[in-house]
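K.L.:
how would this look folded up:
(one chain, ligands or ions: 1)
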Amino acid sequence: MKNVYITTAIPYVNGVPHIGHALDYCLADACARYHRLIGDNVRFQAGTDEHGGKIYQKAQELGIPVQEYVDNNAKKFQDFIHELGVEYTDYIRTTDQKHEKLCQEIWRRLKDHIYLNKYDGWYCTGCERFVTEKEYTDNHGICPDHQKPYEKLSEENYYLRISDFKKQIREAIDSNEMMILPEFRKKEIIRLLDKSPDVSISRPRTQLTWGVPVPDDDSQVMYVWIDALANYITLLGFPDEDISEWWPAAAQFVGKDILRFHAIIWPAMLLGLGLPVPSTLVSHGMVLADGQKMSKSIGNVVDPMDVIAKHGLDAFRYFFLRHIDTFADSDFTWEKFEDAYNNELANDLGNLVQRLATLAKKNKIKMDECQVELPKEYRTLMDNFEFSKAFDYVWERIQGINKRIDDEKPWTLAKNGETDKLNSCMRSLIHEILIVSKMLTPFIPNTAGKVEAIFTNPIEPPLEPLFPKDR
Ligand code: MSP
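P.N.:
Numbers count the residues shown, from 1 in each chain. Okay, here's the model as predicted:
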């Protein structure tokens, strides 16, 4: 049994949750549940990122006091995480007083690597990111993700000397002390790291008030990413408490768009604090709608609650963990979702459970105590964070059971009075479905629990199909 700390990116609260936000949570939750299943102690962080210019501007536009605005939206994200069935253990808001105080302490401890300098360049408030002159030119002065012109900044900022840590970060990446998944993203990060300048880590208070004050300098507030990244360790109590029981994190889940912050600035901060780098950064792809980035202006944003309302939470988790590839960009379309629901959940799994339990009841099959072990292939995939592939593997086993029933025809054995053969065939099939239900636990826990209960003596077919088709 080991201690495993799992983290998710904390979303900005300048809007409401959309299906893209669900991916961090679904992946991290599957990972956490898997570790619990194999007997590890899990600590699982979730939270909200509540500072920065983007949030401040939005509250101003709406004419709402900014604290009230973030309180309202943070609540929506919390509700959303609950709706997704995410079993986090700790929740952090970056406007928590404790977090702010610990952040300031962290800044003090990084002092040797921080210097004041003039920044003359470009910024995108949508990304909350400073952009290089080259990016500015390449993108013709407009942020491709937000379709807004970059802002010209000319101000005094504090800088974090990334150059102090480049060599160590590179070594940690090369040696897999900090594993970056998938492999092709790791290569991108190595290229970025090589040319990464020192990073600006504060903004003048005259430009931005909504942030954690820089300690011992009232004129500056922390750049939102410094405050946000620190959440992963302030939640554990750093620097007031010894966090070595939980840190380094076993897995930090982030979208590919924010990997650069986690793979460069974050390890630099950690190394400056004398802490180890995270063991694994898992960077997932983007959820697209009909092949396009979801955006309010295109009008293709999908509300996760609509998807859950349609076929229930497990159908949602099923789609997001199996058909949204863990690492590549993938499309959500209602058509694909409906197909997966009807053909896979309702037919492959739902019908199988009904059919097998009915056969077992009819033939009065009783199960002996049996060991339900997780197959090695599945464990390897889960250990390597290949969640969609692990889910595919489970589905192959489900299809395998369906095929075995067709091939072995238990009803014929019953008809011919071959009782011993019937019992052993049925027990072996039920054993197999119990293995499947165990493997499903991290992904679709409610369904997994139901399947297990159905095939526990006395075996009772469900009164209603697990995945009804007539909704
Ligand atoms: N606040 C920062 C994260 C700070 S972590 C210390 C942020 N917030 S965000 O709201 O923009 O994004 C939160 C997470 O949602 C990120 O991992 C991001 O990649 C993910 N997604 C947002 N839209 C997404 C999709 N359309 N698809 C998949 N994930 C996406 O970045």
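
K.L.:
burial measure for the closest residue to the ligand within the stretch 201-350 of the chain, as a count.
P.N.:
For the stretch 201-350 of the chain and the ligand, the shortest gap (Cβ to the nearest ligand atom) falls at residue 255, measuring 1.6 Å. The way it works is simple: take the backbone N, C-alpha and C, and place the C-beta from them, glycine included. By other Cβ atoms under 10 Å, 18 other residues sit near residue 255.

K.L.:
Now do the contacts for the residue nearest to residue 455 when sequence neighbours are not counted.
P.N.:
For residue 455, ignoring the flanking residues on the chain, the nearest one in space by Cβ to Cβ, 6 or more residues apart in numbering is residue 430 at 5.2 Å. Shown in contact with residue 430 (Cβ atoms under 8 Å, 6 or more residues apart in numbering): 356, 360, 365, 367, 455, 459.

K.L.:
One more pass at 7 Å, please.
P.N.:
356, 360, 367, 455 (Cβ atoms under 7 Å, 6 or more residues apart in numbering).

K.L.:
one step back: beta partners of the residue of the stretch 201-350 of the chain closest to the ligand?
P.N.:
With DSSP bridges as the criterion, residue 255 is bridged to residue 284.

K.L.:
quick one: pLDDT of it?
P.N.:
pLDDT recorded at residue 255 is 96.

K.L.:
Check residue 470 too.
P.N.:
Note on residue 470: pLDDT of 67.

K.L.:
one step back: farthest-separated two in the contacts of residue 430?
P.N.:
The span of the contacts of residue 430, defined through Cβ to Cβ, is set by 356 and 367 at 11.8 Å.

K.L.:
Please identify which of those two sits among more neighbours.
P.N.:
The neighbour count for residue 356 versus residue 367, taken as other Cβ under 10 Å, is higher for residue 356 (25 against 16).

K.L.:
my guess is that one is in a strand, correct?
P.N.:
No - counting by DSSP: H, G, I helix; E, B strand; the rest coil, residue 356 falls outside a strand, being helix.

K.L.:
How about the residues of the stretch 1-150 of the chain by the ligand?
P.N.:
9, 10, 11, 12, 20, 21, 23, 24, 49 (Cβ under 6 Å from any ligand atom).

K.L.:
ok, back up a step: which SSE is the residue nearest to residue 455 in?
P.N.:
The secondary structure element spanning residue 430 is helix 419-440 (assigned by DSSP states H and E).

K.L.:
Render the CA-only coordinates of that helix in PDB, please.
P.N.:
Provided in PDB are the C-alpha atoms of helix 419-440 (Å, rounded to 0.1, in the frame of the first residue of the first chain):
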ATOM      1  CA  THR A 419     -25.700 -30.300 -15.300                       C
ATOM      2  CA  ASP A 420     -22.000 -30.400 -14.500                       C
ATOM      3  CA  LYS A 421     -21.000 -28.900 -17.700                       C
ATOM      4  CA  LEU A 422     -23.700 -26.300 -17.400                       C
ATOM      5  CA  ASN A 423     -22.600 -25.400 -13.900                       C
ATOM      6  CA  SER A 424     -19.000 -25.100 -14.800                       C
ATOM      7  CA  CYS A 425     -19.700 -23.100 -18.000                       C
ATOM      8  CA  MET A 426     -22.000 -20.700 -16.200                       C
ATOM      9  CA  ARG A 427     -19.700 -20.200 -13.200                       C
ATOM     10  CA  SER A 428     -16.800 -19.500 -15.500                       C
ATOM     11  CA  LEU A 429     -18.900 -16.900 -17.400                       C
ATOM     12  CA  ILE A 430     -20.000 -15.300 -14.200                       C
ATOM     13  CA  HIS A 431     -16.500 -15.200 -12.900                       C
ATOM     14  CA  GLU A 432     -15.500 -13.400 -16.100                       C
ATOM     15  CA  ILE A 433     -18.300 -10.800 -15.700                       C
ATOM     16  CA  LEU A 434     -17.200 -10.200 -12.100                       C
ATOM     17  CA  ILE A 435     -13.700  -9.500 -13.400                       C
ATOM     18  CA  VAL A 436     -15.200  -7.100 -15.900                       C
ATOM     19  CA  SER A 437     -17.200  -5.400 -13.200                       C
ATOM     20  CA  LYS A 438     -14.100  -4.900 -11.100                       C
ATOM     21  CA  MET A 439     -12.200  -3.400 -14.100                       C
ATOM     22  CA  LEU A 440     -15.200  -1.100 -14.800                       C
END
